[in-house]
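[1] any chance you could fold what I've pasted below:
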Amino acid sequence: MVDAVVLAGAANDGRLAMCDDAQYEALISIQGKPMLSYVLDTLRRYEEIGRIVLVCPKEVSESIGPIPGLLTVEERGALLENLRAGLSQLDPDKPALIVTGDIPLLTCEAIDDLFRQAATRAADIYYPVVRREACEFEFPGIKRTYLTILEGTLTGGNIALVKPSALLACGRFLEQAIATRKKPWMMGSVLGMWLIFKFLIRRLSVRDIERRLEALTGVQAMGVISDYAEIAFDVDKPKDLELAQAIMGDQGSTNQVW
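    The predicted structure is shown next:
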């Protein structure tokens, strides 16, 4: 069994506030149901998930209500602090799934694909990246930040399988990764000039990045190439919300497990 941490602390003070007046993004309604509930439903359906730690404001946990097996932790403000707060509740040496609360289209199949690929190689961190072709096929017109390397044109996912002690040992690198997560050109300055050069001549690979991370932090990481576009579909713009509403409307109000 793998425990999970769900990060759902973002205030609804950006572009989505024009669409829904919920105080927090996690409570934005999609087909009459809080966005966060779809994520929790999927995690509870997946048989390999044990405990779920939800890091969120008190108002979010109160709106969601009591759920068997769910532990709520008060959010700390910054993303890294919320991550630490959630992981602190789990075994530091046992793999844990990290999920953001704004990916309502998450499926058990996408989680299963990550777990299946992770089983092929020993590592401390497994981070999925999604092919642009998969994103644009599944969600035409979706706007994402992409990076083109040897394996293709890829975008980051919003889930990860990690050993908590290893992830938190990354320290300063983790802070920089969070700060530049939507600005890959800035992340290059962290990875070093050699990798920037390889990127410019179109020779940079996932394995290069893995090795550089290990050299910088001592942590072994595996980049998992996924074709499950739903893990890259985070609702942070009005058009994203409109698309999620349409998809959930077509599927109907299903899959609630409590």
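[2] please enumerate the strands of the stretch 151-258 of the chain.
    Assigned by DSSP state E, counting those that start in this stretch, the stretch 151-258 of the chain shows strands spanning 152-156, 159-162, 221-226.
[3] what helices or strands is the longest one leaning on?
    In this case it means strand 221-226. Applying 3 or more CB pairs under 8 Å, 6 or more residues apart in numbering; DSSP states H and E, we find strand 221-226 packed against helix 108-118, strand 125-131, helix 206-217. The way it works is simple: take the backbone N, C-alpha and C, and place the C-beta from them, glycine included.
[4] wait, which of those is closest to G249?
    Closest to G249 of these is helix 108-118 (CB to CB; 20.8 Å).
[5] now what about that closest one, what contacts it?
    Helix 108-118 has contacts (CB atoms under 8 Å, 6 or more residues apart in numbering) with 2, 42-43, 45-46, 48-49, 95, 97, 126, 128, 159, 161, 222, 224, 226, 228, 230-231.
[6] then stretch 47-55?
    Under CB under 8 Å, 6+ apart, the answer for stretch 47-55 is 1-9, 40, 43-44, 60-61, 64, 67, 69-76, 82-83, 85-86, 89-90, 97, 101, 111-112, 115.
[7] which of those residues are buried, as a PyMOL select command?
    Selection of the buried residues among the contacts of stretch 47-55 in PyMOL, burial being defined by 16 or more other CB atoms under 10 Å:
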select buried, resi 2+3+4+5+6+7+8+9+40+43+44+60+61+64+67+70+71+72+73+75+82+83+85+86+90+97+101+111+115
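[8] out of the contacts of stretch 47-55, which sit inside helices?
    Mapping these onto helices (DSSP state H) picks out 40, 43-44, 60-61, 64, 82-83, 85-86, 111-112, 115.
[9] now, which of these sits nearest L200?
    Distances from L200 to the ones in helices among the contacts of stretch 47-55, taken as CB to CB, are shortest for L83 (31.9 Å).
[10] apart from its neighbours in sequence, what residue is nearest that closest one?
    L7 (6.6 Å; CB to CB, 6 or more residues apart in numbering).
[11] ok, back up a step: kindly reformat the ones in helices among the contacts of stretch 47-55 as JSON lines containing pLDDT.
    JSON lines is the format used below for those (pLDDT from 0 to 100):
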{"residue": "L40", "pLDDT": "97"}
{"residue": "L43", "pLDDT": "97"}
{"residue": "R44", "pLDDT": "96"}
{"residue": "V60", "pLDDT": "97"}
{"residue": "S61", "pLDDT": "95"}
{"residue": "I64", "pLDDT": "90"}
{"residue": "N82", "pLDDT": "94"}
{"residue": "L83", "pLDDT": "94"}
{"residue": "A85", "pLDDT": "96"}
{"residue": "G86", "pLDDT": "97"}
{"residue": "I111", "pLDDT": "98"}
{"residue": "D112", "pLDDT": "98"}
{"residue": "F115", "pLDDT": "98"}
